[in-house]
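In: Sequence plus predicted model, see below.
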2 protein chains.
Amino acid sequence: MKRRIYLRKKTLEEAIKITLEAFAWPRFLKKENIPVKNALGRITAEAIYAKRSVPAFNAAAMDGIAVQAEKTFGAHESHPLRLKVGQEAFFVNTGEPLPPDTNAVIMIEEVHQVSEDEVEIMTPAFPWQHVRKIGEDVVEGELIFPPSHKLAPWDLGALLATGHLEIPVKERPKVAIIPTGDELVSPEEATEELLKEGRTVEFNSTMIAATVEEWGGKAQVFPIVPDIPEEIEKVILEALEADFHLVTVLAGSSAGSKDHTANLIEKEGELLFHGIAMMPGKPAILGRIKEKPILGVPGYPVSAVLAFEKLMKPAFSAMLGVRLPERPKVTAKAGRKIPSRLGTREFLRVRLGEVAGEKVFMQLKRGAGAITTLTKADALCEIPEEVEGLDAGTKVTLEILRPEKDLSHTALVLGSHDMALDILEEFLKKEAPEYDLSLAHLGSLGGLLALRDNLSHFGGTHLFDPETGEFNVPYIKRHLPETPLVLVHFAYREQGLIVPKGNPKNITRLEDLAREDVTFINRQPGAGTRVLLDYHLEKLDLNPRQIKGYETEETTHLGVAIAVATGRADVGLGILAAARLLSLDFVPLFPERYDLAVRKDFFLSPFWQKIASILASQAFRERVLALGGYDVSQMGKMLYEQ
Amino acid sequence: MKRRIYLRKKTLEEAIKITLEAFAWPRFLKKENIPVKNALGRITAEAIYAKRSVPAFNAAAMDGIAVQAEKTFGAHESHPLRLKVGQEAFFVNTGEPLPPDTNAVIMIEEVHQVSEDEVEIMTPAFPWQHVRKIGEDVVEGELIFPPSHKLAPWDLGALLATGHLEIPVKERPKVAIIPTGDELVSPEEATEELLKEGRTVEFNSTMIAATVEEWGGKAQVFPIVPDIPEEIEKVILEALEADFHLVTVLAGSSAGSKDHTANLIEKEGELLFHGIAMMPGKPAILGRIKEKPILGVPGYPVSAVLAFEKLMKPAFSAMLGVRLPERPKVTAKAGRKIPSRLGTREFLRVRLGEVAGEKVFMQLKRGAGAITTLTKADALCEIPEEVEGLDAGTKVTLEILRPEKDLSHTALVLGSHDMALDILEEFLKKEAPEYDLSLAHLGSLGGLLALRDNLSHFGGTHLFDPETGEFNVPYIKRHLPETPLVLVHFAYREQGLIVPKGNPKNITRLEDLAREDVTFINRQPGAGTRVLLDYHLEKLDLNPRQIKGYETEETTHLGVAIAVATGRADVGLGILAAARLLSLDFVPLFPERYDLAVRKDFFLSPFWQKIASILASQAFRERVLALGGYDVSQMGKMLYEQ
């Protein structure tokens, strides 16, 4: 398999610059005349001038009486002036035309009605007082809107008032979207059989078409083209002949299909860039054939939408002449250390939560599936090329994908992960779908520190303290004595000896580790399991040096199980679930207490109430029991509070 | 004319609360099934579950080779393991199904191709390594979206991938809009004759319909109904019978028409509120007839749109079950003191500019016409009921109406106003419509202080300093020595004696003010005119006490002119333009220098270059000369710089 080297890979900035400079985008769109009443959100194609003056007549600017100002000059507090209604004074409402021979309005509050047909005033009016003169609002010929103005509801009223029934606007950008790939099948034709064979539903075209629509364009999606170079070429060239402003080719996921577009561009036109230092979206390409832009985006759904968005949004802005609305931004702290590639602009999809009034974000699980990413990502975190990872707590500006979401409905769960938490997540989704959990494995101590640093809501911990023989509480008191929290018991997990199936060397007690013929695989220092081991070895008066392999380490339960499964070691210490996964045997030794350390404010929330009710439910407990090696009899009990 | 007392006037908060509680908004909308491809921006009517698992097969999560994990357990750095391609190892791409009898993927980076059909690995794979298992992304039956979820482009992809071709969404809210008023004429039927008679173009319905559309609803605009109670009732009742979710009645501007809706509601249903302590929008009313809401909004266009928006947006959010997007907000300083009514929630329409990197806002001229307000307002400034005015410089949060506008294209002009500045604004609109001026009269000193406080870009000043006999510069040095600015000469204006037409008392020199038979009207202390007067009186050795009326004051040129025109005084000191306005005679005495004090950074901007070119143009100077009493021969000259 050839590894494709991305020649001429550009940074995202360079790619955008190339895209904007390679085409005369501002001249792409022709103008069209449409009724003003249909023009909401459209962009003016030219300057619009008033076709008539507003008001078209001298109008009263207030409710009151219309008078001839000069006739009122004698009025004074000490000698009020009386005027005859219908002759020298005329009642008018705001907006009404002034009667003939009047040129001022006296506010109704300053008018005293003396009798049916006489009124009295105590202050003179000056000419044009409270009068909206012809054209005072808008004069015929005056500029109403410049070109490239996006029409809002208020603007439509102004246009109608100044004599426009139709208006010249820029046409909508037209985009051709061509999905390619043998493995693809349209949503309408996808059947269970086809999917099980390995075909995938084509939906990138729908997402990109909807993005185009959001930006004010019109998309036409072509039927899926198989990975046959001649066919792909044919369709692309047809699209270029039609009147699209942009042709977008969606690659299939196979390495081969990505090449067809590049090859065609090189054959018929000019390849402008091929590959961007951007994750996701690296394989994006841009070409020019007969002055028209052709964009190729990768097949992985998240890559396709992000590449399209980042590269084409500036181009659309240039075409329309307006800045397209940005996603709302928010500042949030990284919930945990995030590694990133130097030299690549990364767009991490993250979950957002709120802890102690501040926003905290957590990356979606690496390798999260495309659909999960599309539906669960709350925000995008952009990490520039020159940054090589973020420390926990670093403040970053995020683009919000779901502005309407209530952040208090996401709980950030950092700590020692356990498979039972996945089951909790499953139950929560079914019983209270308005809430969700964002889970990450940081280890017990990492989880407690995240709690201390206001970066999480709760987390699993199973840290044994040899001095006191107690779990978790001593570490809490030592590391986060100031953090208001509640320690809730979750389950006891059996720790024991993981041995090959059949237990050929008949290893049944911790003492057996000292046998000559037995090789041990250990956990790393600091791991809860290791601490437990050392504690029990001391109790049994066993010298670690007597144990062959004591110095060899693995960092997870699974790593230990693999070492045993692959024959690297005869035995390791771990939990039943890990042994079960690899069909190994297990000799239980001692129970380990796995608790949840919960922020107190979260503990008091309706969200936790929901979690607590799940922990108390028979159905949930039975599911956890079925994992093997769990004792859930005390699940949910409050053990400690500070 | 009866003044309507607004009984039961509510605060805006109360009115919104009443609106939300009086109707079961969340149950208004029925559901409808629509194709997913058309569902962008629609709101899910119920929870949506995955109809199929994704992936539908065990798929490779990485590019690499698929293997049976158990067969790889022997691999180690010191003794690599060779596998036969096509038998024990199969090349796979990300997303492809695993071949039969394989259950793990080793990343291509860890595979060494030894020969055509053999590869070598140095680490074992564990079961399900780098495999996306069936349903690992999404499991059939899993919740995809909860109810009341607004569908974004990414979401449509997720729906198609999980088996949905159609989806149940909430129907669009349907709104009936009924314009009423004898003075109204539809845009299509408006002719010059009709308008000159006093008819006005009906366009509120278009603005409100467009607002409804922006929120995701559908509006139907009825033909204009004349101010005949029976006719209005008939149309309203017809609308109620049809399947609208909301009926909105647009009042004409006459006091009478506002009553018809209220009367009908009281007759047929229940009046929920009548009048809100809100400016604009006070006369808004809400009623309920047969469980349906009827909203009445006032006729003044800005009132109509604001009342509709503030009252109905929460109701639409409740109907749709989502938070409708808020306008972007920004913090800005008040450019000048702003009075406001205690007890009323005011929505000021303001212009925005940027000075020294901070945003500053200025109210649109009071009494600005509806169209000007609709097209020129950049933002809304909300002043709560308990606030009685804002001091200059106060920071306030504004709602932005035009998020795409470039703020560096607005100049805030505060100082002593002159009619020539209106002409400058007119020329700027014609020659450089991308720029605009926001003008306000603060007096010369007020303008200099605004400059000092970074609240304006430039302003007019004509302050005479008796000690030095100089204009403007002494005040600048005294009050704002630290502010980088340039003083640009604008024009000399004739100050002189304003006397009645015909100059009956033959007042021709300042000395005549001391005559027994002459009564003078003065300006207030601090006014440039007053300072000039006192200076010249001293030079002539004239005692103010000798001048009858010296202690009587007016605050503007026009006030002085009116006092003379109405016979209250025989003479005042002022500028020619004021005399001309009231057809009075004028005796020129001495020129006054009117300059523009300009922020230095603004002086160096392209915007000022444009202004400078207008000041230099013949056409502009001729227009200013035509006002009378101006000497523009030195216009544009730089007089001073600091």
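Out: Noted; the coordinates are in hand.
In: could you check the distance from the residue sitting furthest away from the middle of chain A over to chain B?
Out: What lies farthest from the middle of chain A is A:His79; by Cα atoms, centre = their mean that is 72.6 Å. Using Cβ to the nearest Cβ, to the nearest Å, A:His79 is found at 12 Å from chain B. Every C-beta, even on glycine, is put in place using the N, C-alpha and C of the backbone.
In: Can you pull the phi/psi pair for that residue?
Out: In terms of degrees, to the nearest 10, the main-chain angles of A:His79 are phi -140, psi 90.
In: Could you do A:Asn204 as well?
Out: According to degrees, to the nearest 10, A:Asn204 has phi -60, psi -40.
In: try A:Val488
Out: Torsion angles, degrees, to the nearest 10, at A:Val488: phi -110, psi 130.
In: so who does it touch?
Out: Applying Cβ atoms under 8 Å, 6 or more residues apart in numbering or on different chains to A:Val488 gives the contacts A:595-598, A:603, A:615, A:636-639.
In: Repeat the analysis, applying 6 Å as the threshold.
Out: Shown in contact with A:Val488 (Cβ atoms under 6 Å, 6 or more residues apart in numbering or on different chains): A:596, A:598, A:638.
In: Buried only: go through these for me.
Out: Buried by 16 or more other Cβ atoms under 10 Å in any protein chain shown: A:596, A:598, out of the contacts of A:Val488.
In: Is it possible to get CSV of the contacts of A:Val488 that adds secondary structure?
Out: Listed next are the contacts of A:Val488 as CSV, based on DSSP: H, G, I helix; E, B strand; the rest coil:
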residue, secondary structure
A:Leu596, strand
A:Val598, strand
A:Met638, strand
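In: now chain A, which segments are flagged as low pLDDT?
Out: Along chain A, segments meeting pLDDT under 70 span A:1-8, A:252-258, A:365-368, A:404.
In: can I see the domain layout of it?
Out: Segmentation of chain A into domains, based on automatic domain parsing, reads A:12-27+A:173-320, A:31-54+A:137-170, A:59-132, A:332-402, A:449-641.
In: and of the ones you listed, who's closest to B:Val221?
Out: domain A:31-54+A:137-170 (8.4 Å; Cβ to Cβ).
In: Report the distance from that closest one to the chain centre.
Out: 36 Å (Cα atoms, centre = their mean, to the nearest Å).
In: list the buried ones in stretch A:356-365?
Out: Residues of stretch A:356-365 classed as buried: A:359-364 (neighbour count, 16+ other Cβ under 10 Å).
In: outside of that stretch, which residues touch it?
Out: Here stretch A:356-365 makes contact (Cβ under 6 Å, 6+ apart) with A:330, A:332-333, A:335, A:348-353, A:373, A:377, A:412, A:438, A:440, A:454-455.
In: Quick check, central residue of chain A?
Out: A:Ala379 (2.4 Å).
In: So what pairs up with that residue in the strands?
Out: When bridges are called by DSSP bridges, A:Ala379 pairs up with A:Val350, A:Ile400.
In: Who's the closest spatial neighbour of A:Val85, skipping the chain neighbours?
Out: A:Asp117 (4.5 Å; Cβ to Cβ, 6 or more residues apart in numbering or on different chains).
In: how close does A:Ser613 sit to A:Gly636?
Out: Applying Cβ to Cβ, to the nearest Å, the value for A:Ser613 to A:Gly636 is 9 Å.
In: Please apply the same query to A:Ile383.
Out: Separation of A:Ile383 from A:Gly636 (Cβ to Cβ): 39 Å.
In: How about A:Gly389?
Out: Taken as Cβ to Cβ, the span from A:Gly389 to A:Gly636 is 38 Å.
In: which one of the two has more residues nearby?
Out: A:Gly636 (19 against 13; other Cβ atoms under 10 Å in any protein chain shown).
In: what about that one, which SS state?
Out: Secondary structure for A:Gly636, judged by three-state DSSP, is coil.
In: Test my guess that it contacts A:Leu615.
Out: Yes. Using Cβ atoms under 6 Å, A:Gly636 is in contact with A:Leu615, at 4.2 Å.
In: Now the biggest helix by length in chain A: buried residues?
Out: Once chain A is assigned using DSSP state H, the helix that runs over the most residues is helix A:301-320. The neighbour-count check on helix A:301-320 (16+ other Cβ under 10 Å) flags A:301-320 as buried.
In: do the same with stretch A:515-528
Out: Going by neighbour count (16+ other Cβ under 10 Å), the buried part of stretch A:515-528 is A:515, A:518-523, A:527-528.
In: What about the residues you listed, which are in helices?
Out: Using DSSP H, the members of the buried residues of stretch A:515-528 that fall within helices are A:Gly528.
In: so which helix or strand takes in A:Gly446?
Out: If you go by DSSP states H and E, A:Gly446 is part of helix A:443-452.
In: How about the contacts made by A:Glu382?
Out: Shown in contact with A:Glu382 (Cβ under 6 Å, 6+ apart): A:Phe347.
In: any idea how far it is from chain B?
Out: Using Cβ to the nearest Cβ, A:Glu382 is found at 17 Å from chain B.
In: Show me what from the stretch 151-300 of chain A comes close to chain B.
Out: A:153-154, A:156-158, A:160-161, A:165, A:187, A:195-196, A:198, A:201, A:203, A:206-207, A:210-211, A:213, A:253-254 (Cβ under 6 Å from any Cβ of the partner chain).
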